[in-house]
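**Q** Pasting the sequence and the predicted model now:
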Amino acid sequence: MRPCTCWHLRSCVWHLRFCASTTGQSGRRIRLQFRGGSPGAAVLAAAGRGRWKHRRGGRLGRMLWLWYGRPFLPRCDWEGLVVPDDEEKFKKSEHVAFYRRQIQGPNLQYQALLDTMVLTEKGARFELLEPDTQTSLLLSVSPCKNDTVRILIDELQPIKARYRVPDVITGEQQCAQLRVERQSKYCVSLSWSSGRHRVCVWHFPFRLEILCEDEVMVTFNSKGKLWFETLQDPTRASSHDSELQEDHTSLLWKETFKQFVDVKANGPSSIGSDFCFHEFSHVYGLPEHADSLQLRDTRHGEPYRLYNLDVFAYELYSRLGLYGSVPLLVAHKPDRTLGVFWLNASETFVNVRYNPSEHQDDRSPQLKRKRIQPRTDVHWLSESGVIDCVVLLGPSPQQLFSQYAQLTGYQALPPLFALGYHQCRWNYNDEADVKAVDAGFDRHDIPYDVIWLDIEHTDGKRYFTWDSALFPEPASLQHHLEKKRRKLVVINDPHIKTDPDWSLYREARDGGHFVKDREGKIYQGSCWPGESSYLDFSSPDTRSWYSRCFRLDKYQGSTPSLFVWNDMNEPSVFDGPEQTMPKDAVHYGGWEHRELHNLYGFYQHMATVEGLITRSGGLERPFVLSRSFFAGSQRLGAVWTGDNAASWEYLKISIPMLLSLSVAGIAFCGADVGGFVQDPEPELLVRWYQAAALQPFFRGHSANTTKRREPWLFGEEVTASIRTAIQQRYCLLPYWYTLFHQAHTSGQPPLRPLWVEFPTEQSTFPVDNQYMIGGALLACPVTDPGVQEIQVLLPGSDEVWYDVHSAEMYKGGKTLSLPVTLDSVPVFQRGGSVVCRSTVSGFCTADLQHLPFSITVALNSQGVADGELYLDDGHSFSYRDRKAFCLRRFNMLSGRLLCRSAGEEGTFDTDTVIQSVIILGVKGKPSTVVVHVSGANDTSAAFQYTETCCTLTVSNLNLRVATDWEIQIL
């Protein structure tokens with residue numbers, strides 16, 4: 001194996017170019033060796049250390065992995081791929097001791113001691129006992145008035161407090177007091193409020209049933225998998241330890257993976273339990289995984305893992321944990337939607353087992369066979385903490401989303417610019433490059449709002465700094481963009497370069513803001529700057545200090561139009577176990593990292609958001625994108641799906657990934673357009689822009705090893721297609737902004753699986769290649785090459801659908817074969833809805849404040865339609881603090897379209913006008929169209945009727961949105 005001589009170095013990421021003869025050999029074992037610690041002395045050599053896999057099919061390209069786990073991305077050849085074997089780099093469940101203990105361990109049978117029941121103002125408490133081990137636990141059951149039930153289990157008498165996740169659940173939930181309905185030596189039945197729901201606690205074996213109208217919906221500990229390892233004093237480990245050890249080499253107090261040793265200060269402390277969802281056959285949620293929307297049965301494969309990791313070019317259709325974790329599982333059947341929120345931030349596995357309906361004895365006569373109802377069993381296993389879970393009882397998908405938002409917070413209302421198009425690259429070279437790209441969008445008549453800078457903009461990967469050679473006048477650059485009403489976003493990672501000469505490092509060190517190792521010293525690991533220390537964002541003091549770093553007088557070169565991108569915050573540690581922080585690192589309060597690993601990025605996101613809010617004196621809405629996230633991250637900002645690749649498969653998987661995030665409350669989400677690595681072919685790039693323009697967060701991003709891919713670099717035909725996709729996004733922004741208002745106030749995600757809008761139609765339950773945008777639009781992006789026809793499911797046998805491009809009407813309840821070209825993507829408007837658009841796109845979102853709108857009214861089979869429009873200033877908190885907003889409702893009934901206020905709250909002085917109204921499904925040409933404005937004389941309006949598609953267009957209206965008016969069709 002011979003190295004090529006055409007390699008080059010750049011900062012702390014070293015890229016190699018090498019000949020095709022050097023690579024492409026399946027299974028070749030290679031290692032990059034450094035002599036004398038200098039990358040300049042690197043020698044590429046064959047070695048037997050580490051396993052490398054060559055994957056055919058051109059998915060990513062050839063790639064080498066540094067000793068610390070980061071990628072080389074060669075510029076010269078993308079036809080094959082060499083990736084590190086994730087089976088060796090990342091753990092599987094078989095490598096995790098607590099998982100093995102619970103799966104292989106003894107079958108423990110807990111008893112509920114019913115005579116210990118105490119009814120409190122927050123519910124009921126029971127003691128639980130496992131007779132063999134004499135383990136005593138305390139069970140608390142707390143029903144809430146919004147139809148949720150919280151189940152909490154802790155040790156009855158712990159030797160020290162166990163970790164309970166803070167800062168995720170927002171405020172105190174309104175608990176309902178329980179009353180005893182029935183009681184015996186076998187069980188006690190408790191109800192609350194109207195008595196519609198009940199909780200039944202069974203003595204032995206212990207289980208807890210939640211019933212609605214006397215029907216069991218969900219059972220906790222149905223299979224008896226309740227597991228609770230009590231904390232122990234390391235100096236007095238019980239003799240029972242030896243019974244639980246897997247083998248003679250694996251100690252309960254210490255675990256080894258590869259060269260990494262994890263010392264457990266409290267010994268084994270894992271927890272687990274199972275739920276049975278009765279008569280449910282479809283479950284969703286548990287992001288983030290590169291997998292289908294409906295969770296798969298795990299009995300013959302890996303469980304779903306929730307453990308935030310930096311996984312470059314992640315494997316598709318895998319249950320490996322990725323960058324973020326939301327432990328929310330949603331079960332759905334035609335007449336009910338349920339959810340279970342498992343509040344635990346330690347490493348967690350989830351097993352799903354579907355049990356379809358069947359007959360008890362197939363040998364008996366058919367008339368005598370007893371039908372067994374379907375059910376889904378879900379087994380949760382976590383490394384530490386307490387059992388703290390909330391059952392969300394729905395019963396509708398919309399009610400469940402609202403219940404979850406009340407629990408963990410509502411989606412933040414983003415500033416309007418954040419819903420526009422974002423242009424990003426690792427990295428734009430300098431200030432001149434940024435200005436040239438900005439000018440390129442104007443020159444090619446493509447709207448955009450934000451340009452981004454990656455790590456190379458800093459002084460040696462020191463965040464809160466600028467490279468003085470490349471970005472000598474950053475404030476001037478931001479002012480240049482701000483004059484065009486555009487923004488700049490810069491990256492800010494959680495690792496701090498270990499540099500005693502850097503004032504920010506000294507501040508953090510002297511202020512005690514870094515995570516410690518198990519010996520009490522500052523923990524150090526490798527990341528982009530080299531040797532780094534990691535901020536302990538779990539500490540309120542550290543978060544406050546970090547937030548103050550964003551002050552304009554502190555962050556030199558920053559202006560109010562600068563916003564932030566949190567990356568690498570799983571956290572990513574290049575030389576750490578599984579490329580993350582060791583579990584025995586120590587955080588604020590003495591808690592081990594294992595307890596709160598999945599919260600790390602959530603806390604950095606929180607601190608950054610608070611920093612930007614503080615910077616503006618609490619007046620301006622922040623925008624912060626985070627790669628890592630947890631439950632509750634929706635109230636902070638946006639997330640994206642991380643380091644994807646330029647292939648059709650990654651485009652295809654982005655849709656179920658975003659739908660899973662949306663179901664789990666993370667509504668402001670997107671995927672890198674075109675793929676982060678590899679160079680997309682023009683057709684793929686166009687299709688990705690078309691898909692992403694119909695998704696919440698819309699950003700093009702690429703690695704520094706890819707070819708430049710600004711939209712105008714691929715020829716006029718491609719430029720025109722991309723321009724159209726982005727312009728259509730901007731025209732639809734009034735609708736998107738209204739949907740985010742709904743997410744912010746009611747918890748309804750803008751992006752919705754079909755079953756959310758059509759909960760009784762079982763044909764929609766597994767669909768994850770198309771989706772609803774709000775309740776009005778159905779999108780089916782094209783995700784395959786060379787497609788000339790696409791199959792689109794139009795749900796609802798009593799529904800009417802209209803092609804948004806042709807206005808052609810289709811009946812629902814069938815699958816449609818629709819011809820497509822490179823310029824078309826199937827989008828349908830649902831009959832019965834009203835959608836507001838801008839008549840033109842403008843150059844950025846700020847233009848929308850001054851552009852006229854158009855309303856599209858899609859009539860249903862009864863000739864009825866309704867919809868809303870939300871407007872505010874697009875950037876401040878005045879909508880919240882001063883009720884400075886405008887929420888209007890449009891109703892079409894009996895040939896009259898009315899514009900009225902949608903509520904008593906809210907006043908906003910806006911000059912936005914409705915210039916035209918398009919009504920779809922008008923069965924005959926009207927004789928006249930009359931416009932009535934409150935306080936003015938009626939006038940006749942100009943209109944045009946298109947008989948071929950039954951469309952009425954009323955033009956030249958100039959009706960103020962904030963004024964009451966109506967249009968009557970005669």
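**A** Structure's in. What do you need?
**Q** Val756 in helix, strand or coil?
**A** Following DSSP: H, G, I helix; E, B strand; the rest coil, the label given to Val756 is helix.
**Q** quick one, phi psi at the spatially closest residue to it that is not a sequence neighbour?
**A** Spatial nearest neighbour of Val756, excluding adjacent residues (CB to CB, 6 or more residues apart in numbering): Pro397 at 4.5 Å. Heads up, the C-betas are built off the backbone N, CA and C, glycines and all. Main-chain torsions, Pro397, degrees, to the nearest 10: phi -60, psi -40.
**Q** how much space between Pro397 and His741?
**A** Pro397 sits 19 Å away from His741, taking CB to CB, to the nearest Å as the criterion.
**Q** again, but for Lys89
**A** 43 Å.
**Q** With Pro656 instead?
**A** For Pro656, the distance to His741 - CB to CB - is 26 Å.
**Q** ok, Lys254 - contacts?
**A** Contact partners of Lys254, counting by CB atoms under 8 Å, 6 or more residues apart in numbering, are 261-264.
**Q** Next, count neighbours for the residue nearest to Val756.
**A** 23 (other CB atoms under 10 Å).
**Q** circling back to that earlier point, and the contacts of Lys254, which is closest to Tyr463?
**A** Ranked by distance to Tyr463 (CB to CB), these are led by Asp262 at 28.9 Å.
**Q** Just to check, that closest one is in contact with Thr256?
**A** Yes. When contacts are counted by CB atoms under 8 Å, Asp262 is listed as touching Thr256 (7.3 Å).
**Q** For these two, indicate the residue with more neighbours.
**A** Per other CB under 10 Å, whichever of Asp262 and Thr256 has more neighbours is Asp262, with 18 against 14.
**Q** So that one lies in a strand, does it not?
**A** Yes. When classified by three-state DSSP, Asp262 is found to be part of a strand.
**Q** ok, and the spatially closest residue to it that is not a sequence neighbour, which helix or strand is that part of?
**A** Closest residue to Asp262 apart from its sequence neighbours, by CB to CB, 6+ apart: Glu255 at 4.5 Å. Assigned by DSSP states H and E, Glu255 belongs to strand 254-257.
**Q** so where do the helices sit in the stretch 251-400 of the chain?
**A** Taking DSSP state H, counting those that start in this stretch as the test, the helices found in the stretch 251-400 of the chain are 397-408.
**Q** Point to the residue nearest the middle of the chain.
**A** Computing the C-alpha centroid of the chain and ranking residues by CA atoms, centre = their mean puts Leu661 first, at 3.7 Å.
**Q** The helix or strand encompassing it packs against which elements?
**A** Here Leu661 sits within helix 648-663, counting by DSSP H and E. Counting by 3 or more CB pairs under 8 Å, 6 or more residues apart in numbering; DSSP states H and E, the packing neighbours recorded for helix 648-663 are strand 282-285, strand 669-670, helix 682-692, strand 751-752.
**Q** mind checking pLDDT for Gly903?
**A** The score at Gly903 is 88. That number is its pLDDT.
**Q** er, Phe72 actually
**A** 38.
**Q** Between the helices and strands packed on helix 648-663, which one is closest to Thr907.
**A** Between the helices and strands packed on helix 648-663, strand 751-752 lies closest to Thr907; by CB to CB that is 30.5 Å.
**Q** ok, and what's touching the closest one?
**A** Under CB under 8 Å, 6+ apart, the answer for strand 751-752 is 658-659, 662, 667, 669, 695-696, 771-775.
**Q** pLDDT (mean, whole number) over stretch 385-392?
**A** 98.
**Q** again, but for stretch 326-345
**A** 98.
**Q** mind checking the SS state of the closest residue to Pro734 other than its chain neighbours?
**A** Nearest residue to Pro734, sequence neighbours excluded (CB to CB, 6+ apart): Cys836, at 4.4 Å. What three-state DSSP gives for Cys836 is strand.
**Q** Is Cys836 bridged to anything, and to what?
**A** Beta bridges link Cys836 to Ile855 when assigned by DSSP bridges.
**Q** how many neighbours does it have?
**A** Neighbours of Cys836 using other CB under 10 Å come to 25.
**Q** My guess is it contacts Val857. True?
**A** No. Cys836 is beyond contact range of Val857, at 10.3 Å (criterion: CB under 8 Å).
**Q** mind listing what Thr706 touches?
**A** Neighbours of Thr706 in contact, by CB under 8 Å, 6+ apart: 73, 646, 677-679.
**Q** Over to Arg551?
**A** 611, 614-615.
**Q** swap in Gly674?
**A** Gly674 touches 646, 680, 684-685, 688-689, 700-702, 709, counting by CB under 8 Å, 6+ apart.
**Q** and the angle from the helix or strand Phe740 falls within to helix 397-408?
**A** Taking DSSP H and E as the criterion, Phe740 maps to helix 733-746. Angle of helix 733-746 versus helix 397-408, following axes from the mean of the first three to the mean of the last three CA atoms, to 10 degrees, is 60 degrees.
**Q** Tell me the bridge partners for Tyr802.
**A** Met809, Gln829.
**Q** hang on, it packs against Pro826?
**A** No. Counting by CB under 8 Å, Tyr802 does not reach Pro826; the two are 11.8 Å apart.
**Q** The two: which has the busier surroundings?
**A** Just comparing Tyr802 and Pro826: by other CB under 10 Å the higher neighbour count belongs to Tyr802, 24 against 21.
**Q** Distance-wise, check that one relative to Arg830.
**A** 8 Å.
**Q** Touching both of the two, which residues are there?
**A** Ala858.
**Q** how many neighbours does the nearest residue to Asp909 once chain neighbours are set aside have?
**A** Spatially, and ignoring its direct neighbours in sequence, Asp909 is nearest to Ala962 (7.3 Å; CB to CB, 6+ apart). Using other CB under 10 Å, Ala962 is surrounded by 17 other residues.
**Q** Shouldn't Ala962 be within a helix?
**A** No. Looking at Ala962 with three-state DSSP, it is coil, so not inside a helix.
**Q** Go ahead and confirm it touches Phe885.
**A** No. Applying CB under 8 Å, one finds Ala962 not in contact with Phe885, separated by 10.7 Å.
**Q** Now list whatever residues contact both of those two.
**A** By CB under 8 Å, 6+ apart, the residues touching both Ala962 and Phe885 are Phe908.
**Q** Spatially nearest residue to Lys652 (excluding sequence neighbours)?
**A** Thr783 (4.2 Å).
**Q** Do I have it right that the one you found meets Ala691?
**A** Yes. Using CB under 8 Å, Thr783 is in contact with Ala691, at 7.0 Å.
**Q** Please identify which of the two sits among more neighbours.
**A** Set Thr783 next to Ala691 and count neighbours by other CB under 10 Å: Ala691 wins out with 24 against 21.
**Q** In contact with that one: list those residues for me.
**A** Under the criterion of CB under 8 Å, 6+ apart, the neighbours of Ala691 are 651, 654-655, 781-783, 825.
**Q** any idea how far it is from Gly786?
**A** Ala691 is 16 Å from Gly786, by CB to CB.
**Q** Phi and psi next, for the closest residue to Tyr99 other than its chain neighbours.
**A** Distance criterion CB to CB, 6+ apart; nearest residue to Tyr99, sequence neighbours excluded, is Ser93 at 4.8 Å. Backbone dihedrals for Ser93, given as degrees, to the nearest 10, come out at phi -60, psi -30.
**Q** neighbours of Ser93, just the number please.
**A** 17.
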